[in-house]
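*Asks:* Here is my input; please provide its structure:
(one chain, ligands or ions: 2)
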Amino acid sequence: METLAMGAAVAATGVKVAAQPASAFVGRSLRVSRLSVSVGVSAARGRLVRIVAEGSKTEGLSRRAQLPEDDGRSDVQRPATKGADRKMSVKDLPVEEFKGKTVFVRADFNVPLDDKRRITDDTRIRASLPTIQYLVEAGAKVVLASHLGRPKKGPEEKYSLKPVAARLTELLGQKVELAPDCIGEEVKSMKAALQEGDVLLLENVRFYKEEEKNDVEFSKKLSENIDIFVNDGFGTAHRAHASTAGIADYVSRRLAGLLLEKELEYLAGVMKNPKKPFVAIVGGSKISSKITVIESLMNVCDKVILGGGMIFTFFKADGKSVGSSLVEDDKIELAKNLVKMAKEKGVELILPVDVLAADKFAPDANVQTCSASDIPDGWMGLDIGPGAIKQFRGALKGAETVLWNGPMGVFEFEAFSKGTYAVAETLAQLTKEGAITVVGGGDSVAAVEKAGLAEQMSHVSTGGGASLELLEGKVLPGVAALDDARIHAAGGESCSDSQPIFQFEGNP
Ligand SMILES: Nc1ncnc2c1ncn2[C@@H]1O[C@H](COP(=O)(O)OP(=O)(O)O)[C@@H](O)[C@H]1O
Ligand SMILES: O=C(OP(=O)(O)O)[C@H](O)COP(=O)(O)O
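*Replies:* Ligands and ions are numbered 1, 2, ... in the order given. You can find the predicted model right below:
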């Protein structure tokens, strides 16, 4: 039977189309208002159903859409993009449509740099190449955008994407010019001067505070001279920023890049039905963005292991002395609640029994092993201790699925790298034993690469926070902003389903 599955959307209006044959809609106009629309297409394969969408969140954009032909890839092959959730990827658009178009590609080139600003791990840059090469070969004019670090004071040389432009030039085998800015007249002219197959890298979008505020005017400026938006920055897809989401309102198409698509497919597949026992390991230094995920992790995981800079807020919450270790005081109450919640839920929330403490934040610091409850004043915990390494190995024994984000210590300094490498080795062993092991995050991946163990993980993800938020079941804003594969235009305009506002028109 041919049916259009408009589930929730239809339920909300009371317009019953779910049971209508698809043929009933052929040639008809549909208008749906203020709804989230899910349209199944496989049963209506080969048929065109025109949907006129009005009053969308994008003022002034006329949005005509047609259901595409089934692309032949089954939902089983594409678990993350199953059914109506599937977003249009660059491969879903006929390749000729890119020719001569200026395509804005949001990548995540937030790569680790050493003190001489040399890239220490280029995984994220290499991971972006398939999309860039695809667009270059299709004859697009490629405009790349990214952030690097968290600049707070406008443009700063240390956050410039200059090293990334140089690395891209080497890897692509063609000149990738770095624009002096990401918006403005000069950048506009540089975009206009691009030839088919050229690649231009914009300077760090976070040099403007408007980027993180998802400012409308800034989004419009980013979209100047741009035809198509491609989001390939999985690592930043959990941010609702101007270059990851806002810009989508001012272009004619919004597509997933090949990396974003691949990450979503893999991670949603794993997370949907994780083999148990499922263990999450969370470390690193982005405490405020990641501590909030722990509650959700406890709903799906059997154990949550904490390491890195994350632990001292928990220790302080428990009344322990943490010296000058990294602590976020405004998260102490949350940490207390999480410990309580873990007990109530019967989930093991595992904190290290000991840490390596340093007398300064430096590779040549004096080091001592301290019990977790006893870090002296003036000393800071920079790695988990030898007791914790054994403890974590024990906790991981028998795990069938492991998701790891955030190094266990300041692995960039050899003296504080043992905890991180020990976890990487344990995961490599678990992979050999048949477990699914996923490592995500710029620095976590750098650590696993440095240890020479990346190949021994089931999946190395370019996103840490993004993969954790996917695991929470959240819709990532950088994904929500993209066109739904099931509703896209054949003729130059399309509709995003991030806040679709449709209304049925006519009577089928
Ligand atoms: N105990 C600690 N104190 C301070 N920084 C830490 C500590 N443990 C780990 N880090 C730092 O955390 C950083 C990575 O954190 P984060 O960005 O959250 O991870 P990822 O990039 O893998 O998502 C690393 O640069 C590491 O030096
Ligand atoms: O490195 C990143 O995230 P990750 O450390 O969670 O992998 C992304 O580039 C996002 O950076 P942000 O956390 O400063 O928004």
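*Asks:* after the helix or strand bottoming out on mean pLDDT in the chain comes which helix or strand?
*Replies:* Using mean pLDDT, DSSP states H and E, strand 63-66 stands out as the lowest-scoring helix or strand of the chain, at a mean of 21. Downstream of strand 63-66, the first helix or strand assigned by DSSP states H and E is strand 102-106.
*Asks:* and that next one, what does it pack onto?
*Replies:* helix 123-137, strand 141-145, strand 228-231 (3 or more Cβ pairs under 8 Å, 6 or more residues apart in numbering; DSSP states H and E). Every C-beta, even on glycine, is put in place using the N, C-alpha and C of the backbone.
*Asks:* Deepest-packed of these, please.
*Replies:* strand 228-231 (a mean of 28; mean count of other Cβ atoms under 10 Å).
*Asks:* on that earlier part again, if we compare the helices and strands packed on strand 102-106, which one ends up closest to ligand 1?
*Replies:* helix 123-137 (10.2 Å; Cβ to the nearest ligand atom).
*Asks:* quick one, the closest one and strand 141-145 angle?
*Replies:* Interaxial angle of helix 123-137 relative to strand 141-145 (axes from the mean of the first three to the mean of the last three Cα atoms, to 10 degrees): 160 degrees.
*Asks:* Can you name the residues in contact with helix 123-137?
*Replies:* Contacts to helix 123-137, defined as Cβ atoms under 8 Å, 6 or more residues apart in numbering, come from residues 90-91, 98, 103, 105, 107-111, 119, 142, 144, 164, 167-168, 171-172, 174, 197, 199, 230, 232, 235, 257-259, 442, 445-446, 449, 454, 460, 462.
*Asks:* Now with 6 Å, please.
*Replies:* If you take Cβ atoms under 6 Å, 6 or more residues apart in numbering as the criterion, helix 123-137 is touched by 98, 103, 107-108, 111, 142, 167, 197, 232, 257-259, 445, 462.
*Asks:* for stretch 302-315, same thing?
*Replies:* 277-285, 287, 297, 322, 325-328, 331, 335, 348-351, 384, 392, 395, 406-408.
*Asks:* And the pLDDT at His488?
*Replies:* Per-residue confidence (pLDDT) for His488: 48.
*Asks:* Kindly apply the preceding question to Ala268 instead.
*Replies:* Looking at Ala268, its pLDDT reads 85.
*Asks:* following the one helix or strand it maps to, which helix or strand shows up next?
*Replies:* Element membership for Ala268, per DSSP H and E: helix 258-272. For helix 258-272, the following helix or strand on the C-terminal side (DSSP H and E) is strand 278-282.
*Asks:* So which bits of that next one are buried?
*Replies:* 278-282 (16 or more other Cβ atoms under 10 Å).
*Asks:* quick one: that strand to helix 258-272, angle?
*Replies:* Using the same axes, to 10 degrees: strand 278-282 against helix 258-272 is 130 degrees.
*Asks:* ok, and what's touching the very next helix or strand once past strand 278-282?
*Replies:* Going down the chain from strand 278-282, the next helix or strand is helix 287-291, by DSSP H and E. Identification of contacts with helix 287-291 by Cβ under 6 Å, 6+ apart yields 282, 310, 328, 331, 465.
*Asks:* Looking at those, spot the one nearest Glu265.
*Replies:* Using Cβ to Cβ, Gly465 comes nearest to Glu265 of the contacts of helix 287-291, at 19.0 Å.
*Asks:* which residues touch the closest residue to ligand 2 within the stretch 1-150 of the chain?
*Replies:* Going by Cβ to the nearest ligand atom, ligand 2 is nearest to Asn110 of the stretch 1-150 of the chain, at 3.3 Å. Asn110 is in contact with 147-148, 442, counting by Cβ under 6 Å, 6+ apart.
*Asks:* Where strands are concerned, which of these count?
*Replies:* With strands taken from DSSP state E, there is no overlap with these.
*Asks:* List, out of the residues you listed, those positioned next to ligand 2.
*Replies:* Restricting these to those touching ligand 2 (Cβ under 6 Å from any ligand atom) yields Gly442.
*Asks:* Most neighbours out of the contacts of Asn110, which is it?
*Replies:* His147 (27 neighbours; other Cβ atoms under 10 Å).
*Asks:* for the closest residue to that one other than its chain neighbours, helix, strand, or coil?
*Replies:* Using Cβ to Cβ, 6 or more residues apart in numbering and skipping the chain neighbours, the partner closest in space to His147 is Arg206 (4.2 Å). Under the three-state scheme (DSSP: H, G, I helix; E, B strand; the rest coil), Arg206 adopts helix.
*Asks:* So what's the residue count around Arg206?
*Replies:* Arg206 - counted by other Cβ under 10 Å - has 24 other residues nearby.
*Asks:* And the pLDDT for it?
*Replies:* 98.
*Asks:* And the pLDDT for the residue of the stretch 1-150 of the chain closest to ligand 2?
*Replies:* 98.
*Asks:* Validate this expectation: it resides in a strand.
*Replies:* No. Looking at Asn110 with three-state DSSP, it is coil, so not inside a strand.
*Asks:* For ligand 2, what's its nearest residue on the stretch 151-300 of the chain.
*Replies:* For the stretch 151-300 of the chain, Cβ to the nearest ligand atom, closest residue to ligand 2: Gly235, 4.0 Å.
*Asks:* My guess is that residue contacts Asp108. True?
*Replies:* Yes. If you go by Cβ atoms under 6 Å, Gly235 and Asp108 touch, sitting 3.6 Å apart.
*Asks:* Pull up the residues of the stretch 51-200 of the chain that are close to ligand 2.
*Replies:* By the rule Cβ under 6 Å from any ligand atom, the part of the stretch 51-200 of the chain lying against ligand 2 is 108, 110, 150.
*Asks:* Let me know the closest of those residues to ligand 1.
*Replies:* Set against ligand 1, the nearest of these by Cβ to the nearest ligand atom is Asn110 (8.3 Å).
*Asks:* Pop out the phi and psi values for that closest one.
*Replies:* phi -80, psi 80 (degrees, to the nearest 10).
*Asks:* ok, now how distant is it from Leu148?
*Replies:* 5 Å (Cβ to Cβ, to the nearest Å).
*Asks:* now Ala435
*Replies:* From Ala435 to Leu148 the distance is 34 Å (Cβ to Cβ).
*Asks:* Likewise for Leu178?
*Replies:* 12 Å.
*Asks:* Same question for Ala240.
*Replies:* From Ala240 to Leu148 the distance is 19 Å (Cβ to Cβ).
*Asks:* Ala192 now?
*Replies:* 25 Å.
*Asks:* Test my guess that Ser146 contacts Ala107.
*Replies:* Yes. Contact status for Ser146 versus Ala107: in contact at 5.0 Å, counting by Cβ under 6 Å.
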